[in-house]
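>>> need a structure here:
(chains A and B)
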Amino acid sequence: MAEKSLDCLGEACPIPLVKAQKEMERMAVNDVLIVNVDHSCAMKNLPDWARSAGHAVEIEEVGEGEWDIIIQKLK
Amino acid sequence: MEKKTEHYDVVIVGGGPGGMTAALYAGRARLKTLLIEKSLIGGMATYTSEVENYPGFPEPIDGTELMKSFDKQFRRFGVNVKLTDVREIRVDCCTRTVSTFRTDYVAKAVVIATGNKSRLTGAKNEDKFLNDKGISFCATCDAARNTGKRIMVIGSGDAAIEEGTFLTKFASEVIVSVMHDEGIMDANKVAQEKALANPKMKFMWNTVVESFEGEEELKQVVLKNIKTGELIPMDVDTCFLFIGYVPNTKMFEGLIDMTSRGYIKTNEDMETSCTGIFAVGDCRDKTLRQIATAVGDGAVAGYMAEKYVEEMDYVQKEIFEAKGLTMAFVYNAIDAVDREFLSRAEKAQELHKGKLGLRRIDIYKSDRIACRLDYSKTPSLIFMQDGKVIENVTDLSAIENKIAEMVAKHG
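Below you'll find the predicted structure:
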């Protein structure tokens, strides 16, 4: 189970989503992707997309207005 | 990966204004409280660019900003927050388990505040352009990206007209597709007047979406005139859907009573059909879905959850953790026959003082304590030894003899 980090700090929608989608394609099932974001909009579309694509998502609040979106690729 | 288990007094599912208010009340009542939100704290309220009707803010305030204040306030009271999605809620006699991907949260009371999600049109190719491929539900999220662009708004309610007007600050042209006849909109009058006077807004009356077209990204929306059947292709960069909402309640089907449209039925104390589970805000069956009404619901549910947890703790301590022989007299205080048997039970207990305790359980207001003892009717006398039911007596004609017999055997 590999783990990869993706720094999207300072990037506005839809860039974090597009980057995460590309990264997920390269990953194997059960691998974990951690996306660092600070744009609140990414908190809506990124988890929404990941869940609709069938993956598991949890979010850690790292600081005020800064989050790690943790996605485990499930298929 | 093994699941963890954590224990709470109250678990709130959903971090919109209703859920946050319930968390505020529960936290302030010193209950061990957890709020679970699947993405961004604030819920649908963060989709609103200008909130004009939430009291206390005389000037319009951005929905996201307002929700940040809510967030700050409830966290002051020691509420834990977990940002993840809930998979299911399981119920047994005295606990409710809220299950997420990695953890089971065992709670005494649960508040459902899962809100609404935007409704889709159901038109052709819609699913191809969701998730930031040209169909949006959030003007504040996607306004800047549409600076100088031509965009479309579907719908004529408050959200459609107010957000459409907001978008004219960025876009060069905002086309509004309305299914009603010319001049008829569902939005409030103030918003309608503003929109009609706005030179950047163009209305397409009697139209609905026929299909969405484009390669990777949305290029064109084909509208259909519902009177003439005429198809009208229009090139746009983004299409915003504001055609109402559907409740986020699918996972509770079969667990609690809902309306045919999936809204959760509650009484005015926010209690659902399932004891210990409350529901607040937009996912509840009610007339007006606003931040202001969600806040009211949340306050009631937070307070009722506090009462409920208090009651459960009392029952736990006084009945299930009681040592020795105890009898629970289950009765209805407004029933004369029940009261007569109660006084006979009290007199009989006097005779055996120190050998058995007596707990009076009145079901008049609520029978949820009695339910934990599996009572079947009133009056009934339930004997317990060290917190475990040993006999449930419903024939009380010889109540004195029965009590004497139990004391002789177990006392």
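
>>> where's B:K128 relative to B:M312, distance?
50 Å (C-beta to C-beta, to the nearest Å). All C-beta spots, glycine's among them, are computed from the backbone N, C-alpha and C.

>>> do B:Y303 as well
For B:Y303, the distance to B:M312 (C-beta to C-beta) stands at 15 Å.

>>> how about B:P60?
In terms of C-beta to C-beta, B:P60 sits 43 Å off from B:M312.

>>> who has more neighbours out of those two?
Taking neighbours as other C-beta atoms under 10 Å in any protein chain shown, B:P60 and B:M312 compare with B:M312 leading, 20 against 14.

>>> who touches the least confident helix or strand in chain B by mean pLDDT?
Between all helices and strands in chain B, the lowest mean by mean pLDDT, DSSP states H and E belongs to helix B:368-372, at a mean of 81. The contact list for helix B:368-372 (C-beta atoms under 8 Å, 6 or more residues apart in numbering or on different chains) reads B:93-94, B:275-276, B:311, B:315, B:319, B:330, B:361, B:363.

>>> distance between it and the chain's centre?
24 Å (C-alpha atoms, centre = their mean, to the nearest Å).

>>> that one: which residues count as buried?
Across helix B:368-372, burial judged by 16 or more other C-beta atoms under 10 Å in any protein chain shown covers B:368-370, B:372.

>>> what mean pLDDT does the host helix or strand of A:V62 get?
Element membership for A:V62, per DSSP states H and E: strand A:56-63. Per-region confidence: strand A:56-63 scores 92 on mean pLDDT.

>>> list the buried residues in whichever helix or strand comes after that strand.
Per DSSP H and E, the first helix or strand lying C-terminal to strand A:56-63 is strand A:66-72. Across strand A:66-72, burial judged by 16+ other C-beta under 10 Å covers A:67-72.

>>> if we check chain B, which of those are in contact?
Among those, the residues within reach of chain B (C-beta under 8 Å from any C-beta of the partner chain) are A:W67.

>>> pLDDT added to the buried residues of strand A:66-72, as TSV?
TSV is the format used below for those (pLDDT from 0 to 100):
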residue	pLDDT
A:W67	94
A:D68	95
A:I69	95
A:I70	95
A:I71	95
A:Q72	94
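
>>> give me the element the nearest residue to B:L31 once chain neighbours are set aside is part of.
With C-beta to C-beta, 6 or more residues apart in numbering or on different chains as the criterion, B:L31 has its nearest non-adjacent residue at 4.0 Å, and that residue is B:D9. In the assignment (DSSP H and E), B:D9 maps to strand B:4-13.

>>> and the contacts of the following helix or strand past that strand?
The C-terminal neighbour of strand B:4-13 among helices and strands, as given by DSSP H and E, is helix B:17-28. Residues from elsewhere that reach helix B:17-28 (C-beta under 8 Å, 6+ apart): B:9-10, B:12-13, B:33, B:35, B:37, B:41-43, B:45, B:67, B:70-71, B:73-74, B:76-79, B:111, B:113, B:115, B:278, B:280-282, B:291, B:294-295, B:297-299, B:301-303, B:305-306.

>>> just the residues you listed: which are in strands?
Counting by DSSP state E, the contacts of helix B:17-28 place B:9-10, B:12-13, B:33, B:35, B:37, B:111, B:278 in strands.

>>> which of those lies closest to chain A?
Closest approach to chain A among the ones in strands among the contacts of helix B:17-28 (C-beta to the nearest C-beta): B:E37, at 8.5 Å.

>>> show me the domain layout of chain B.
B:4-116+B:246-315, B:126-243, B:322-410 (automatic domain parsing).

>>> any idea how far the shortest one is from the middle of the chain?
Put plainly, it is domain B:322-410. 37 Å.

>>> show the end-to-end separation of it, please.
End-to-end distance of domain B:322-410 (C-alpha to C-alpha, to the nearest Å): 15 Å.

>>> adjacent strands (with direction) for the following helix or strand past the least confident helix or strand of chain B?
Beyond helix B:368-372 in the direction of the C-terminus, DSSP H and E gives the next helix or strand as strand B:380-385. Strand B:380-385 sits in its sheet next to strand B:325-331 (antiparallel), strand B:388-393 (antiparallel), going by DSSP bridges.

>>> and A:L33, which of these is closest to it?
Nearest to A:L33, of all the strands paired with strand B:380-385, is strand B:388-393, at 50.6 Å by C-beta to C-beta.

>>> same for the helix or strand just after that closest one, what does it pack against?
Next in sequence after strand B:388-393, counting helices and strands by DSSP H and E, comes helix B:399-410. When contacts are defined as 3 or more C-beta pairs under 8 Å, 6 or more residues apart in numbering or on different chains; DSSP states H and E, helix B:399-410 packs onto strand B:325-331, helix B:336-351, strand B:380-385, strand B:388-393.

>>> quick check: angle from helix B:399-410 to strand B:388-393?
150 degrees (axes from the mean of the first three to the mean of the last three C-alpha atoms, to 10 degrees).

>>> name the residues of chain A found near chain B, please.
Taking C-beta under 8 Å from any C-beta as the contact definition, chain A meets chain B at A:12-14, A:17-18, A:40-41, A:43-45, A:47-49, A:51-52, A:56-61, A:67.

>>> for PyMOL, what selects the buried ones among the residues you listed?
Of those, the buried ones can be selected in PyMOL as follows, counting by 16+ other C-beta under 10 Å:
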select buried, chain A and resi 13+14+17+40+41+43+44+45+47+48+49+56+57+58+59+67
